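> just to be clear, the model below is a prediction. Sequence and coordinates:
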Amino acid sequence: MKRLIFLSTLLPGVAAFAADAADAAAATPSAAPARVQPREVTDLLERFVSWLHHFFPAIDDGLFHWIACGVLFIAAILLRHLITNVIFFYLKKLAEKTETTLDDKLFPALESPAATLVMVLGIFGSLTVLQLSEQVDRLINNGALIAVLSVLLWGVIRAGGAVLDHLEEMAHQRKMTVATFMPLIKKTLFVMTVIIGIIIIADSLGAKVGALLTSLGIGGLAFALAAQDTIANLFGSFVVVMDQPFKVGDVVKIGSSTGTVEDIGLRSTKIRLFDRSLVVLPNKAVAAESIVNLSRFTGRRTEQTLGLTYDTRPEQMEAILADLRQLISGDPEVDPASVVVFFSGFSASSLDIQVIYTTFSPDILASLRLKERLNLAIMRAVNARGLSFAFPTQTVHLPEQLVERLRPRA
């Protein structure tokens, strides 16, 4: 019976509240913007408090609004504790069970903005139901709008920072060149986000941001003209990061400079030459030059010419060519498909044999050790055939009369 009496008291109030909300929705022009205005939120809170007042008619209207203010503030505090101590607690526990570390950074980053947003809504909501003067209500509405948008902007910055920290960690683990530029990328995105957030807040307050955007465009053009070399170097650094033609520690040839990359900065790249001198190249020059990365060989190619003396007979040449082909192709560090051994031509003082082969390993030291081993084996093979390596010689033929004249007389 008590339940029926309570429902009979509650239903008219609900119906009145629903009717008021329907009338407010019907009175809104179709051309109005879709976003909720602060005045609409204020009216909705006042209708809600009036609806609740139907259940406690004995309480004075002014006193009831103060009670509602305290209730909303306490509810905001309780909801804040619920979010921080329960919801995000279990979310962080759940994140510990996942393989990725992104959620381990994302949930703690969003915890404070979410709790702050609840408190901001609770504080301004509790102030709104006090039915203060129109000027004070206007200040409260503007303050609430600024505070809510600021907290949302803070949440976006915290979430974006967590994502970028995760990407930077992955870049360091994979030893990617972009890891060097992650601090700059984070600062740039932070500044852009803050500027966009300020423009959105100003636009929400009714400010005319068109003139501000025009001024920013003119200022940006003037800055670009004044700092075009610096901007060119920055773009050059981004090109190096995106293409990744080399990384710190690689041996590269850029233009006429050959050495080890020591640092890749925002403005320049530092290369330590083989004579231990340091060359600083602007990144715009690095992006414009052809780059040869000497640390990314897939193998080492060796080409050399062997010269035998002219007293070598054809059958001896055929035999030594077969020996050399078998000798080089049989080495486990040599790619057999790359071996080339041919009698290539007649030089001024030698019969030339062209020898070409490629190693499997790109290591320069391993390539030099292999070359030394094969050269010693080639010398033994030539000696075993009774042949000799040629060296530049000249034979001078003189007329017999001149020889007679030069011959010493007894």
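Everything's here; your move.

> which stretches of the stretch 1-150 of the chain have low pLDDT?
For the stretch 1-150 of the chain, the stretches flagged by pLDDT under 70 are 1-58, 60-62, 65, 131.

> which residue ranges of this protein form helices?
Using DSSP state H, the helices of the chain run over residues 2-27, 38-53, 61-82, 88-96, 102-128, 134-173, 182-204, 210-226, 228-243, 283-288, 314-329, 364-384, 400-406.

> okay, these in JSON lines with mean neighbour count next?
Where you see a C-beta, it was placed from the backbone N, CA and C, and this is true even at glycine. Listed next are these as JSON lines, based on neighbours: other C-beta atoms under 10 Å:
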{"stretch": "helix 2-27", "mean neighbour count": "11"}
{"stretch": "helix 38-53", "mean neighbour count": "17"}
{"stretch": "helix 61-82", "mean neighbour count": "15"}
{"stretch": "helix 88-96", "mean neighbour count": "13"}
{"stretch": "helix 102-128", "mean neighbour count": "19"}
{"stretch": "helix 134-173", "mean neighbour count": "16"}
{"stretch": "helix 182-204", "mean neighbour count": "14"}
{"stretch": "helix 210-226", "mean neighbour count": "11"}
{"stretch": "helix 228-243", "mean neighbour count": "17"}
{"stretch": "helix 283-288", "mean neighbour count": "19"}
{"stretch": "helix 314-329", "mean neighbour count": "15"}
{"stretch": "helix 364-384", "mean neighbour count": "14"}
{"stretch": "helix 400-406", "mean neighbour count": "9"}
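
> those: which one's closest to T393?
T393 lies closest to helix 364-384 among the helices of the chain, at 17.8 Å (C-beta to C-beta).

> run the angle between that closest one and helix 314-329 for me.
150 degrees (axes from the mean of the first three to the mean of the last three C-alpha atoms, to 10 degrees).

> can I get helix 364-384 in CSV, CA atoms only?
Once non-C-alpha atoms are left out, helix 364-384 reads as follows in CSV (Å, rounded to 0.1, in the frame of the first residue of the first chain):
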residue,chain,number,x,y,z
ILE,A,364,84.8,-6.2,-44.5
LEU,A,365,87.3,-7.9,-42.1
ALA,A,366,86.0,-11.4,-43.1
SER,A,367,86.2,-10.4,-46.7
LEU,A,368,89.9,-9.4,-46.3
ARG,A,369,90.7,-12.6,-44.5
LEU,A,370,89.1,-14.6,-47.3
LYS,A,371,91.0,-12.6,-49.9
GLU,A,372,94.3,-13.3,-48.2
ARG,A,373,93.6,-17.0,-47.9
LEU,A,374,92.6,-17.3,-51.5
ASN,A,375,95.6,-15.3,-52.7
LEU,A,376,98.0,-17.6,-50.9
ALA,A,377,96.2,-20.6,-52.3
ILE,A,378,96.5,-19.1,-55.8
MET,A,379,100.3,-18.6,-55.4
ARG,A,380,100.7,-22.3,-54.4
ALA,A,381,98.6,-23.4,-57.4
VAL,A,382,100.7,-21.3,-59.8
ASN,A,383,104.0,-22.6,-58.3
ALA,A,384,102.7,-26.2,-58.4
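
> which residues touch that helix?
Helix 364-384 is touched from outside by 300, 302, 306, 308, 320, 323-324, 327-328, 331, 333-334, 355, 357, 359, 361, 388-389, with contacts defined as C-beta atoms under 8 Å, 6 or more residues apart in numbering.

> perfect, that will be all.
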